[in-house]
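1. just coords:
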Ligand SMILES: C[C@@H](NC(=O)[C@@H](C)NC(=O)CCCC[C@H](NC(=O)C[NH3+])C(=O)[O-])C(=O)O
């Protein structure tokens, strides 16, 4: 079975739709048996007018969760952590419920509340109040525990950044090393991701990069340049910086089995539905989207102030797409950008 060629006109249409819905620019990079295709529209900097550039670096937000999951699953492969053990076995006394396991964190089924709901209830004031702050892991866990649990452990999927903050704590406790060093040693160096780094608490995006622009909640209010921030409110749940080529390399290498044992990769890609449409699923720190043409793609999305990201690959790792729009707090732009997945992986649809 030959995979359909990507519909790059359809990808460009998705990028333009993201712009029509409030993104200053957008870009996508497809990799497949026919080679690499990149497209970029609009600007990466509204002041200088510099054009969007598919080599440029940006904040990937929750795609960081897949980096964290890979490290923890490598530790499971090494026998240094058990997925069905209570988190408190490794972090005594951290959580008030011994029933919450490591696997519950990776599947967003722990019931730990997402403190960002309150933190960013008012988008710009919330962002301004944390953009230069440095949080300790335990401070963030404390914010989560100050709110009621959202489900009995294991009972339901409830997305929460707190889960991957605790995953970062587990990685540091088990390895004795900072999480950024583990990403470097276990993923970034082996895959030669030269434009990828875990950056915390430094607020800059170094090198050729995209500036991010946050839409305020007030209609018609001017965009806020949100490029510089510590991302300390997310850390191992959201502080990775990368570029399209590195995200393609990461997700395709992951699917080709270059980072985990076959057994562990199977566990990672074993999913449950996250919504009623039965086309969106979550495994262990990994999303699965079932596209209209029947193709299933695995990866993660990201939303951090000023940046929407999609980074997905087919299960055989032969095809990958990463896409980014440099805005956020504008759901229609995010949905529009997501249309690039259908165009890239399903190709030209019969009229
Ligand atoms: C959903 C996404 N999650 C992530 O990437 C994590 C790191 N980001 C968030 O939880 C959103 C934080 C608020 C963003 C802000 N929104 C507001 O402030 C809303 N009041 C914004 O849109 O920039 C994922 O897993 O795909």
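-> Looks like it came in fine. Only a predicted model underlies this, so the values are computations on that prediction, with no experimental measurement involved.
2. so which bits of the stretch 1-150 of the chain are right by the ligand?
-> Within the stretch 1-150 of the chain, the positions near the ligand by CB under 6 Å from any ligand atom are 61, 62, 116, 120, 123, 126. Just so you know, the C-beta spots here come from the backbone N, C-alpha and C atoms, and that holds for glycine as well.
3. my bad, the stretch 151-300 of the chain
-> 161, 214, 234, 237, 238.
4. which residue ranges of this structure form helices?
-> 8-20, 63-77, 87-90, 102-106, 116-119, 123-130, 137-145, 161-175, 179-183, 244-255, 262-268, 331-346 (DSSP state H).
5. in TSV, list those helices along with mean neighbour count and mean pLDDT.
-> What follows is the helices of the chain, written out as TSV (neighbours: other CB atoms under 10 Å; pLDDT from 0 to 100):
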stretch	mean neighbour count	mean pLDDT
helix 8-20	20	98
helix 63-77	25	99
helix 87-90	18	98
helix 102-106	25	98
helix 116-119	15	98
helix 123-130	17	98
helix 137-145	18	98
helix 161-175	23	98
helix 179-183	21	98
helix 244-255	25	99
helix 262-268	16	98
helix 331-346	22	98
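6. and the residue of the stretch 151-300 of the chain nearest the ligand?
-> residue 238 (3.3 Å; CB to the nearest ligand atom).
7. next up, the contacts around that residue.
-> 59, 60, 61, 62, 64, 65, 161, 164, 231, 302, 304 (CB atoms under 8 Å, 6 or more residues apart in numbering).
8. may I have the phi/psi pair for the second one?
-> For residue 60, the backbone dihedrals (degrees, to the nearest 10) come out as phi -90, psi 0.
9. neighbours around it, how many?
-> Residues near residue 60, counting by other CB atoms under 10 Å, number 30.
10. check the third one too.
-> In terms of burial, residue 61 registers 26 neighbours under the definition other CB under 10 Å.
11. dump the helices of the chain to CSV, plus distance to residue 281.
-> Output for the helices of the chain, formatted as CSV (distance: least, CB to CB, whole Å):
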stretch, distance to residue 281
helix 8-20, 22
helix 63-77, 14
helix 87-90, 23
helix 102-106, 14
helix 116-119, 22
helix 123-130, 28
helix 137-145, 24
helix 161-175, 16
helix 179-183, 25
helix 244-255, 15
helix 262-268, 12
helix 331-346, 14
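12. so which of those is nearest residue 48?
-> Residue 48 lies closest to helix 8-20 among the helices of the chain, at 17.6 Å (CB to CB).
13. name the residues that touch the closest one?
-> Taking CB under 8 Å, 6+ apart as the rule, helix 8-20 contacts 25-28, 30, 37, 39-42, 308, 321, 323, 325, 327, 333-334, 336-340, 342-344, 348.
14. helix 331-346 and that one, what's the angle between them?
-> 170 degrees (axes from the mean of the first three to the mean of the last three CA atoms, to 10 degrees).
15. give me the distance between helix 8-20 and the centre of its chain.
-> Distance of helix 8-20 from the chain centroid (CA atoms, centre = their mean, to the nearest Å) equals 21 Å.
16. ok, stretch 127-145 next?
-> On CA atoms, centre = their mean, the centre of stretch 127-145 falls 19 Å from that of its chain.
17. and that stretch, end to end?
-> Across its full length, stretch 127-145 reaches 21 Å end to end, with CA to CA, to the nearest Å as the criterion.
18. and for it, what's in contact with it?
-> Under CB under 8 Å, 6+ apart, the answer for stretch 127-145 is 94-96, 112-115, 118-120, 160-162, 165-166, 168-169, 172, 201, 203, 214, 224, 226, 228-230, 232-233, 235, 305.
19. separate out the buried members of the residues you listed.
-> Buried residues within the contacts of stretch 127-145, defined by neighbour count using 16 or more other CB atoms under 10 Å: 94-95, 112-115, 119-120, 160-162, 165-166, 168-169, 172, 214, 224, 226, 229-230, 232-233, 235, 305.
20. show me the contacts for residue 38.
-> 27, 28, 29, 30, 54, 244.
21. swap the cut-off to 6 Å and go again
-> Counting by CB atoms under 6 Å, 6 or more residues apart in numbering, residue 38 touches 29, 54.
22. distance of it relative to residue 30?
-> Applying CB to CB, to the nearest Å, the value for residue 38 to residue 30 is 8 Å.
23. same check, this time on residue 54
-> Residue 54 is 10 Å from residue 30, by CB to CB.
24. tell me which of these two has more neighbours.
-> Taking other CB under 10 Å, residue 54 and residue 30 do not tie; residue 30 has more neighbours (26 against 19).
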